[in-house]
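> I would like the atomic coordinates for the input below:
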Amino acid sequence: MKKLLVLLTAVVFGTTLAFGAMAGEKGKDKDAKPSGIKEYTVTKTATVQAIDLDKRVVTLKGEKGNVFDLKVGEEAKNLPQVKVGDRVTVQLYESL
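Next up, the predicted model:
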């Protein structure tokens, strides 16, 4: 009788584990395609065209003449020292 109880317990336990493993696989899509998102850091040298200290936005002109705005984070403590006409090197985080 003890052997039957141990065997029955083992079968119930094994079945529970098997169903749990199958339930875990249910949420995974094996045919899922990659998202296509690419992220990287870019370093650029540019000339300061305008500065908005209140909004912390700097307008820069790149080496090829392209003009772009850059939101400067709070970690840039020296932003008030930057003047129009200064050449700066910036690191941008881009994602596609």
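
> mean confidence score for stretch 38-55?
What stretch 38-55 shows for mean pLDDT is 90.

> For it, give me every contacting residue.
Identification of contacts with stretch 38-55 by C-beta atoms under 8 Å, 6 or more residues apart in numbering yields 57-63, 67-68, 71, 79-80, 82-96. Heads up, the C-betas are built off the backbone N, CA and C, glycines and all.

> Kindly indicate whether residue 74 is helix, strand or coil.
coil (DSSP: H, G, I helix; E, B strand; the rest coil).

> and it, how many neighbours?
Other residues within reach of residue 74, judged by other C-beta atoms under 10 Å, total 7.

> Report pLDDT for it.
So residue 74 comes in at 89 (pLDDT).

> Beyond the lengthiest strand in the chain, next helix or strand please.
Longest strand of the chain, by residue count under DSSP state E: strand 39-52. Per DSSP states H and E, strand 39-52 leads on to strand 57-62 as the next helix or strand towards the C-terminus.

> Which neighbouring elements make contact with that following strand?
When contacts are defined as 3 or more C-beta pairs under 8 Å, 6 or more residues apart in numbering; DSSP states H and E, strand 57-62 packs onto strand 39-52, strand 67-71.
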